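Chemist: no sequence on this one, just coordinates:
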């Protein structure tokens, strides 16, 4: 079993993890147990046709839940099935009514409740496309397969561009010209290889006579075939599905393993991974973004501690909590916008403040009698705390 190296908790432990995280996660991904789980997931997940199929398969469900940090729900099969079956398209769907956005991420990733063909089923399509690289030297297959998938995604992007009626006509025409040039370049690489061409035509069930068509018509036929299979979903939602789940799973497993030794470091890792996406979502109002932060137990734990809020704070009216959160953010960081945390430096300031407060409260793991926080803050008064953390 993989055990991460976490020599101490708190701020110094965080600094150590920052230097070693990439190599340690790679070691986890290459461990026997994880490689075995990932191989089985990749082999069997495309055959899962419904939420019911997934929740009945313990190993696949364990990996799916683990990829979204929901391992503790492995026994709540009825609840998870309902989350998956209702999807995310309906505002009243269960995942949209839960404050914890991890369930929404799970439901959206699989798409059971929103589409007749779930996203995971497209793994078989991707595998079939990549099968066209089997005659190439081993060291070229992965790149050639990626190129074929890129062609599919570009054709899908072209469809979206053509359908965008709100874009300025002149701008759209210029972008379409550039995009078609990209398609043509990739087309030569992919369709110029007889075996890959055969795999593409077979995957998308292109009729005989395709080779007699001129180039532009061939591109249009393939574009329409992509539309026919993917519908209104972006191609990237299906292509790379297995790889995204595998990456998310190993990342979460690493965080969980770290948490067994230093829970505060697990929370810091989670925040550093989750917060950028939430902060960068320009379609979400600032207040809604803060509510999502407060609705995520792991992220909330970091913010509550960094803001110096007592445990009883969570019992206050939600509107009052929102006001306090924004006031604290403005006082400490100079802005009450969640969007400020797209900046890595702002997130690092937040994490350092959280870890220092954790140590001062005696809640950090693996620390000696004299904590890193006390050492750092020796002789520092409270008014200069923020500048010290930036130091």
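Modeler: Right, received. Where do you want to start? Computed from a predicted model, the values in this text were never measured in an experiment. Numbers count the residues shown, from 1 in each chain.
Chemist: Quick check, residue 333 in contact with residue 340.
Modeler: Yes - Residue 333 is in contact with residue 340 according to Cβ atoms under 8 Å; the separation is 6.1 Å. (C-beta placed from N, C-alpha, C; glycine too.)
Chemist: Overlap of the contact sets of the two?
Modeler: Counting by Cβ atoms under 8 Å, 6 or more residues apart in numbering, the common neighbours of residue 333 and residue 340 are residue 346.
Chemist: for the protein, which spans come out with low pLDDT?
Modeler: 1, 237-238, 363-391 (pLDDT under 70).
Chemist: mind running it again at 50?
Modeler: 367-391 (pLDDT under 50).
Chemist: Grab the most central residue of it for me.
Modeler: residue 248 (6.5 Å; Cα atoms, centre = their mean).
Chemist: Where do the helices of the stretch 251-391 of the chain begin and end?
Modeler: 263-280, 286-295, 297-306, 318-333, 344-360, 372-377, 385-390 (DSSP state H, counting those that start in this stretch).
Chemist: Put together TSV for these, with mean neighbour count and distance to residue 2 on each row.
Modeler: Below are the helices of the stretch 251-391 of the chain laid out as TSV (neighbours: other Cβ atoms under 10 Å; distance: least, Cβ to Cβ, whole Å):
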stretch	mean neighbour count	distance to residue 2
helix 263-280	21	15
helix 286-295	18	30
helix 297-306	20	21
helix 318-333	15	36
helix 344-360	21	24
helix 372-377	17	26
helix 385-390	15	32
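Chemist: got CSV for the ones you listed, with distance to residue 160 too?
Modeler: Output for these, formatted as CSV (distance: least, Cβ to Cβ, whole Å):
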stretch, distance to residue 160
helix 263-280, 20
helix 286-295, 26
helix 297-306, 32
helix 318-333, 36
helix 344-360, 30
helix 372-377, 50
helix 385-390, 43
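Chemist: Any idea which of these gets closest to residue 72?
Modeler: In terms of Cβ to Cβ, the element of the helices of the stretch 251-391 of the chain nearest to residue 72 is helix 297-306, at 10.8 Å.
Chemist: Give the other helices and strands that that closest one contacts.
Modeler: helix 263-280, helix 286-295, helix 344-360 (3 or more Cβ pairs under 8 Å, 6 or more residues apart in numbering; DSSP states H and E).
Chemist: Residue 56: which of the helices of the stretch 251-391 of the chain is closest?
Modeler: helix 297-306 (27.8 Å).
Chemist: quick one, strands of the stretch 101-250 of the chain?
Modeler: Read by DSSP state E, counting those that start in this stretch, the stretch 101-250 of the chain holds no strands at all.
Chemist: ok, how many other residues are close to residue 27?
Modeler: 15 (other Cβ atoms under 10 Å).
Chemist: before we move on, what SS does it have?
Modeler: helix (DSSP: H, G, I helix; E, B strand; the rest coil).
Chemist: Relative to residue 312, how far out is the closest residue to residue 104 other than its chain neighbours?
Modeler: Spatial nearest neighbour of residue 104, excluding adjacent residues (Cβ to Cβ, 6 or more residues apart in numbering): residue 95 at 4.3 Å. For residue 95, the distance to residue 312 (Cβ to Cβ, to the nearest Å) stands at 29 Å.
Chemist: Tell me which of these two has more neighbours.
Modeler: residue 95 (22 against 7).
Chemist: ok, the more buried one - contacts?
Modeler: Contacts of residue 95 (Cβ under 8 Å, 6+ apart): 83, 86-88, 103-104, 106-108.
Chemist: and if you look at residue 41?
Modeler: Residue 41 touches 59-60, 63, 242, 245-246, 249, counting by Cβ under 8 Å, 6+ apart.
Chemist: Would you mind measuring from residue 195 to residue 8?
Modeler: Residue 195 is 54 Å from residue 8, by Cβ to Cβ.
Chemist: Pop the domain breakdown of the chain in here.
Modeler: Residue ranges for the domains of the chain, per automatic domain parsing: 135-232, 283-390.
Chemist: Same question for stretch 55-69: list its buried residues.
Modeler: Across stretch 55-69, burial judged by 16 or more other Cβ atoms under 10 Å covers 55, 57, 60-61, 63-69.
Chemist: In the residues you listed, find the pair that's most separated.
Modeler: Spatial extent of these (Cβ to Cβ) is set by the pair 57 and 69 at 19.6 Å.
Chemist: elements contacting the single longest helix found in the chain?
Modeler: Longest among the helix segments of the chain by residue count, using DSSP state H, is helix 138-163. Here helix 138-163 touches helix 123-130, helix 169-191, helix 194-203, helix 215-230, going by 3+ Cβ pairs under 8 Å, 6+ apart.
Chemist: out of those helices, nearest to residue 349?
Modeler: Of all these, helix 169-191 comes closest under Cβ to Cβ, at 38.2 Å.
Chemist: how big is the angle separating that closest one from helix 194-203?
Modeler: Taking axes from the mean of the first three to the mean of the last three Cα atoms, to 10 degrees, one finds that helix 169-191 is oriented at 120 degrees with respect to helix 194-203.
Chemist: which other residues reach helix 169-191?
Modeler: Identification of contacts with helix 169-191 by Cβ under 8 Å, 6+ apart yields 144, 147-148, 150-151, 154-155, 157-158, 161-162, 164, 167, 196-197, 200, 215, 218-219.
Chemist: what do you get for stretch 122-141?
Modeler: Contacts for stretch 122-141 (Cβ under 8 Å, 6+ apart): 42, 45-47, 142, 144-145, 148-149, 152, 193, 195-200, 202-203, 229-230, 238-242.
Chemist: Would you show me how to pick out the buried ones of the residues you listed in ChimeraX?
Modeler: A single ChimeraX command selects the buried members of the contacts of stretch 122-141 (16+ other Cβ under 10 Å):
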select :45,46,144,145,148,149,152,193,196,197,199,200,203,229,230,238,239,240,241,242
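Chemist: Among the contacts of residue 95, which lie within helices?
Modeler: 83, 86, 103-104, 106-108.
Chemist: Burial check on residue 92, number of neighbours?
Modeler: 7.
Chemist: On the three-state scheme, it is what?
Modeler: Look at residue 92: counting by three-state DSSP, its state is coil.
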